[in-house]
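predicted model, plus sequence, below.
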Amino acid sequence: MSESELNGRVARRKVVTRQGNLQRSTQWSGLRTGDAVLVNLERERRHKWVFVAHVKNTVSNEEWIEVRGGKSGDTKTRSFRCDAIFPAAAKKGAKIVGLSLQEAPQLPFD
């Protein structure tokens, strides 16, 4: 039995795809597709988001994070700067505390 089966999770492998100049990855800074995240922008803090992908433009070196969610019941897909993405546990009351996932990746212990 694998470690992921013991933890009740199905192992999700990293998937990297290319479409033109864009490189999309289903894992980034310890996140995998479907993991809950916080977006530290005033209008977005109240909403619930899940990580979808990390995207990099290989020509301009710009990077951003795609998330899905929004207000209760919404399933909008949005893109935000990497420094605005925080782990779901970073919310203390109405504030977000700690470092962004870009500054402090939540890498798994192997």
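In hand now; what should we look at?

check contacts around Glu103.
Under the criterion of Cβ atoms under 8 Å, 6 or more residues apart in numbering, the contact partners of Glu103 comprise Asp83. C-beta coordinates here come from the backbone N, C-alpha and C atoms, glycine included.

tell me the secondary structure at it.
coil (DSSP: H, G, I helix; E, B strand; the rest coil).

I'd like the distance between it and Val52.
21 Å (Cβ to Cβ, to the nearest Å).

could you do Lys91 as well?
When distance is defined by Cβ to Cβ, Lys91 is 20 Å away from Val52.

so between those two, which is more surrounded?
A count of neighbours by other Cβ atoms under 10 Å puts Val52 above the other of Lys91 and Val52, at 21 against 15.

wait, Thr75 sits on Arg68?
Yes - under the criterion of Cβ atoms under 8 Å, Thr75 is in contact with Arg68, at a separation of 5.9 Å.

so for the two, which sits in the more crowded spot?
A side-by-side neighbour count of Thr75 and Arg68, using other Cβ under 10 Å, places Arg68 first with 17 against 8.

next up, the contacts around that one.
For Arg68, the set of contacting residues under the criterion of Cβ under 8 Å, 6+ apart consists of 49-50, 52, 75-78.

now swap in Ala53 and tell me
Applying Cβ under 8 Å, 6+ apart, one finds that Ala53 lies in contact with 24-26, 28, 33, 65-66.

let's see that with 7 Å instead.
Taking Cβ atoms under 7 Å, 6 or more residues apart in numbering as the contact definition, Ala53 lies against 24-26, 33, 66.

go on, Arg81?
Contacts here follow Cβ under 7 Å, 6+ apart; on that basis Arg81 touches Trp64.

torsion angles phi and psi at it?
Note on Arg81: backbone dihedrals following degrees, to the nearest 10 are phi -60, psi 150.

now swap in Lys71 and tell me
phi -60, psi 160.

again with Gln23
The main-chain torsion angles of Gln23 are listed as degrees, to the nearest 10 and equal phi -120, psi 120.
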